[in-house]
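Trainee: attaching a predicted model along with its sequence, questions to come.
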Amino acid sequence: MGPHVHAGAVTPSPGDATPRGLRERADPFLAAVIFALFARTFLFQAFEVPSTSMEKNVLAGDRLLVNKFLYAPGGRGRPASWLPRRSLRRGDVIVFKFPEDPRRDFIKRVVALPGETLAIRDRIVSVDGRPLEEPYAFYADDSIWPDDPSVAESRRRRDQLAPRRVPAGSYFVMGDNRDDSSDSRFWGEVRAEAIEGRALFVYWSVPPRSSTAGSPGPGGFRSPVELLRATRWDRAFLPVR
């Protein structure tokens with residue numbers, strides 16, 4: 001009789017340099033890489049906020065974690081189809097591809113939904129004829145530009161906007177810092193397919209390096225200690241509302 005082959009796991013010695021041993025040691029690393037790619041593609045993604053357009057809720061220099069699956073279409077067989085999903089709601093803070101340059105990511109708040117009619121009169125935002133309560137809105141400028149043809153249109157649009165119906169499959173978005181935000185008032189609505197996800201929370205926050213006191217300009221911080229000192233620890237894990 002020939003030798004018996006027993007079924008079972010074979011554990012290579014620590015010094016096993018055979019192709020099988022190398023493959024088994026690489027398996028956990030490859031699994032981690034695959035999971036990270038899956039999570040980044042379908043679940044979550046990190047974004048850095050470069051501007052002040054969402055102050056005082058989201059600051060320049062905030063690093064956000066964005067939920068990418070919440071608005072994803074459902075359907076059996078789709079990746080992460082078992083995760084909770086819902087439609088966009090007014091007030092959601094979203095990250096999306098800028099309509100005029102899809103290579104850039106913007107963050108704004110949803111103000112009006114598809115089919116709704118939005119108007120702005122002396123800064124007051126109305127949807128379907130009803131003024132919105134906007135406790136999150138921030139105004140750095142006390143003046144209000146009138147609806148006057150002698151005023152530049154770019155200035156009038158900041159505080160005045162004639163009624164407009166939001167197209168199907170689109171969303172009207174605005175920055176919370178109403179006096180310093182490039183948003184739907186100026187370049188129109190955001191298509192649903194351009195939306196990447198909903199901002200969840202701040203996982204880390206540090207002021208933009210070029211504006212940090214004591215740092216050598218745009219070159220950044222001089223040391224890790226300086227970076228740690230500049231970190232806004234009070235914003236860590238702060239929910240975006």
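Mentor: Sure thing, it's come through.

Trainee: okay, and the helix or strand of the chain with the least pLDDT?
Mentor: Across the helices and strands of the chain, mean pLDDT, DSSP states H and E gives its lowest value to helix 19-38, namely a mean of 48.

Trainee: average pLDDT across whichever helix or strand comes after that helix?
Mentor: Moving toward the C-terminus from helix 19-38, the next helix or strand (DSSP states H and E) is strand 44-48. For strand 44-48, the mean per-residue pLDDT is 88.

Trainee: now strand 44-48: buried residues?
Mentor: By neighbour count on 16 or more other CB atoms under 10 Å, the buried set for strand 44-48 is Gln45, Phe47. In this view, the C-beta of every residue, glycine as well, is placed from N, C-alpha and C.

Trainee: just checking: what are the partner strands of it?
Mentor: strand 62-67 (antiparallel) (DSSP bridges).

Trainee: mind checking the SS state of the residue nearest to the spatial centre of the chain?
Mentor: Centroid-nearest residue in the chain: Val95, 3.3 Å away (criterion: CA atoms, centre = their mean). Using DSSP: H, G, I helix; E, B strand; the rest coil, the structure places Val95 in strand.

Trainee: so what pLDDT did Thr212 get?
Mentor: You'll see Thr212 listed with a pLDDT of 43.

Trainee: go on, Asp62?
Mentor: 96.

Trainee: partner residues bridging it?
Mentor: When bridges are called by DSSP bridges, Asp62 pairs up with Ser205.

Trainee: show me what contacts it?
Mentor: Glu48, Val49, Val202, Trp204, Ser205, Arg235 (CB atoms under 8 Å, 6 or more residues apart in numbering).

Trainee: was I right about the residue nearest to the centre of the chain contacting Glu48?
Mentor: No - with contact defined as CB atoms under 8 Å, Val95 does not reach Glu48; the gap is 10.8 Å.

Trainee: between the two, what contacts are shared?
Mentor: Counting by CB under 8 Å, 6+ apart, the shared contacts of Val95 and Glu48 are Leu64.

Trainee: any weak-confidence spans in the protein?
Mentor: 1-43, 73-83, 209-222 (pLDDT under 70).

Trainee: what segments of it are strands?
Mentor: Ranges of strands in the chain, per DSSP state E, are 44-48, 62-67, 93-98, 101-112, 117-121, 124-127, 130-131, 161-165, 170-174, 190-191, 195-205, 238-239.

Trainee: what does the first one contact?
Mentor: Contact partners of strand 44-48, identified using CB under 8 Å, 6+ apart, comprise 61-68, 95, 105, 107, 196-197, 199-200, 203.

Trainee: quick one: that strand to strand 195-205, angle?
Mentor: 60 degrees (axes from the mean of the first three to the mean of the last three CA atoms, to 10 degrees).

Trainee: and strand 44-48, how far out from the chain's middle?
Mentor: Computed by CA atoms, centre = their mean, to the nearest Å, the separation of strand 44-48 from the middle of its chain amounts to 6 Å.

Trainee: could you list which residues are in contact with Ile144?
Mentor: If you count contacts by CB under 8 Å, 6+ apart, then Ile144 has Asp122, Arg123, Asp159 around it.
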